[in-house]
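Peer 1: Provided below are the primary sequence and the corresponding predicted coordinates.
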There are 2 protein chains.
Amino acid sequence: MEAGLAKLSFNQITSGHATLQQAVEACNAAGIGWIAPWRHKLAAGDVRRDARLIREAGLRVSSLCRGGLFPAATAEERRERIADNLVALEQAAGLGAGVLVLVCGAAPDRDLDGARRMVEDAIAELAPEAKRLGVKLGIEPLHPMFAADRSVIVTLGEANGIARQFGDEVGVVIDAYHVWWDPELYAEIERARGRIVGFHVSDWIVPLPDILMGRGMMGDGCIELRRIRQAVEAAGYDGAIEVEIFNESIWNAPPVETAARVRQRYEEFV
Amino acid sequence: MEAGLAKLSFNQITSGHATLQQAVEACNAAGIGWIAPWRHKLAAGDVRRDARLIREAGLRVSSLCRGGLFPAATAEERRERIADNLVALEQAAGLGAGVLVLVCGAAPDRDLDGARRMVEDAIAELAPEAKRLGVKLGIEPLHPMFAADRSVIVTLGEANGIARQFGDEVGVVIDAYHVWWDPELYAEIERARGRIVGFHVSDWIVPLPDILMGRGMMGDGCIELRRIRQAVEAAGYDGAIEVEIFNESIWNAPPVETAARVRQRYEEFV
């Protein structure tokens, strides 16, 4: 069965050069009902104007991207990052986003175990505030090729292990691009039941054009997207499905065209 | 404690443009006692001349690179690949290599599970011949960023799971570059006890210059090499430690210089 169009969400990074207003207009033109804004595209400070822009266009917010980046070499830097994540939680609440996506951050040195403990400690510190604001912390495992520079959390198993230490204010975000290769994927999706707070799709082009900017539009790569989507839904997730693509050539297309293509590929391949 | 120099092996791909003779001479000049040749550098067919070249230089062969590439779209192609691996096993035996390193291959389509079954089936077919020849099949999990084009076997856990289905003619090859990111790494190294038939080192440069050709010399990146080496030895492995680096700038250096640098960095960081 195909994914419901009503669940499709446009992650703003998919039109990476567009303003929030342009992205919102593109969603409207394509008949997409959800959007996931990025913090660097929001007005600094107060998000009320951005929230109104989205609401008046009739869109809902599936998540805010992104918090995280917890490990750091000094206690002072780690405190600064916690402070920034508290701001992000306020922004998420102000936008009506139910989820703050966490890209957890890399080790400041060779000590992966230490960095992983810093991630757990930071989430423990943020969890009460997330609960108070009604915003879930969504731990997104990144592909292991980002382990050295973006996230020491690299498998869904690892994300599940952390999330389960907390109440339901902490969950996992499953991005097909990051997890498709994992031999434990379907077992871990099932283990994430009740904890899945986001699902992202794009595709893995063969050969991969670029580590960061080489993601493909759904259908252009090798990921079993429909199977993964069905497994995620079978594990109880019925929230929005975000299309999130870092790709310079897609970024260079007009946002309205990109949104239309996202919808078409979503209907065909997800 | 440092790694013993007597275990250092020069994987021939580290001087990717050199002939086998040049690589052997470089090992001699650097005081390295082991070498791991690659098949595309061997004389076609009979390996007796290459075996003599290595033996007369006083070197031992730690492994032959590489077999594998099992999954394919048609039964005929899969048979051809088995046939090629039977040749590789004969070559390994002829060179006195105790191990044939397996890079297992990618899925010919989107079906990862099917490709993983093809890998297991192929190993089952090769295992009796490996046993007869006294050559171990070393399943090398590759980094997940190679899942789409080089190997559907991407974690040590997965490689262990396959190896344990067989007698001791099937083992695992642990390459630090491919597995360093894994939160289950140390548990899986321990689980591999008695099955570890090879250990490779290089380093992960941050940011990674290139997916295939961006490996670094030990010490230039973020991998906890000494900790991993000690864990591998604590799990009972006391064989050769191969330095295997795909990197164009290292390939462009004279092999004698590269081998000397390999030895120095090995003594310092492994």
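Peer 2: Perfect, I can see it now.
Peer 1: is it true that A:C104 touches A:I153?
Peer 2: Yes: using Cβ atoms under 8 Å, A:C104 is in contact with A:I153, at 4.5 Å. C-beta coordinates here come from the backbone N, C-alpha and C atoms, glycine included.
Peer 1: which ones are touching A:V201?
Peer 2: By Cβ atoms under 8 Å, 6 or more residues apart in numbering or on different chains, A:V201 lies in contact with A:175-177, A:218, A:225, A:229, A:241-244, A:266, A:270.
Peer 1: out of these, which is most surrounded?
Peer 2: A:E242 (28 neighbours; other Cβ atoms under 10 Å in any protein chain shown).
Peer 1: remind me which helix or strand that one belongs to.
Peer 2: If you go by DSSP states H and E, A:E242 is part of strand A:241-243.
Peer 1: hang on, the earlier thing: which ones among the contacts of A:V201 also lie next to chain B?
Peer 2: Among these, none lies close to chain B by the criterion of Cβ under 8 Å from any Cβ of the partner chain.
Peer 1: next, format the residues you listed as CSV and append pLDDT.
Peer 2: Formatted as CSV, those follow (pLDDT from 0 to 100):
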residue, pLDDT
A:D175, 98
A:A176, 98
A:Y177, 98
A:M218, 98
A:L225, 98
A:R229, 98
A:I241, 98
A:E242, 98
A:V243, 98
A:E244, 97
A:Y266, 98
A:V270, 98
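Peer 1: which one of those residues is nearest to chain B?
Peer 2: A:L225 (8.8 Å; Cβ to the nearest Cβ).
Peer 1: is it true that the closest one touches A:E267?
Peer 2: No: under the criterion of Cβ under 8 Å, A:L225 is not in contact with A:E267, lying 11.9 Å apart.
Peer 1: tell me which stretches of the stretch 151-270 of chain A form helices.
Peer 2: Ranges of helices in the stretch 151-270 of chain A, per DSSP state H, counting those that start in this stretch, are A:156-163, A:176-179, A:185-191, A:225-234, A:248-251, A:255-269.
Peer 1: closest point of the stretch 151-270 of chain A to chain B, which residue?
Peer 2: In the stretch 151-270 of chain A, the residue that lies nearest chain B is A:W181 (3.7 Å; Cβ to the nearest Cβ).
Peer 1: count the neighbours of that residue for me.
Peer 2: A:W181: 24 neighbours (other Cβ under 10 Å).
Peer 1: got a list of what it touches?
Peer 2: Counting by Cβ under 8 Å, 6+ apart, A:W181 touches A:143, B:112, B:144, B:147-148, B:154.
Peer 1: show me the contacts for the closest residue to it other than its chain neighbours.
Peer 2: Leaving aside its chain neighbours, A:W181 sits nearest to B:A147 (3.7 Å; criterion: Cβ to Cβ, 6 or more residues apart in numbering or on different chains). Contacts for B:A147 were tallied using Cβ under 8 Å, 6+ apart; they are A:180-181, B:106, B:112, B:154.
Peer 1: give the bridge partners for the closest residue to A:N247 other than its chain neighbours, please.
Peer 2: The spatial neighbour of A:N247 that comes closest, neighbours along the chain excluded (Cβ to Cβ, 6+ apart), is A:R215 at 5.3 Å. A:R215 has the following beta-bridge partners by DSSP bridges: A:W204.
Peer 1: pretty sure A:R215 sits against A:E248.
Peer 2: No: taking contacts as Cβ under 8 Å, A:R215 lies outside contact range of A:E248: 10.4 Å.
Peer 1: which of those two has more neighbours?
Peer 2: Neighbour comparison, A:R215 and A:E248: the larger count goes to A:R215, with 24 against 13 (by other Cβ under 10 Å).
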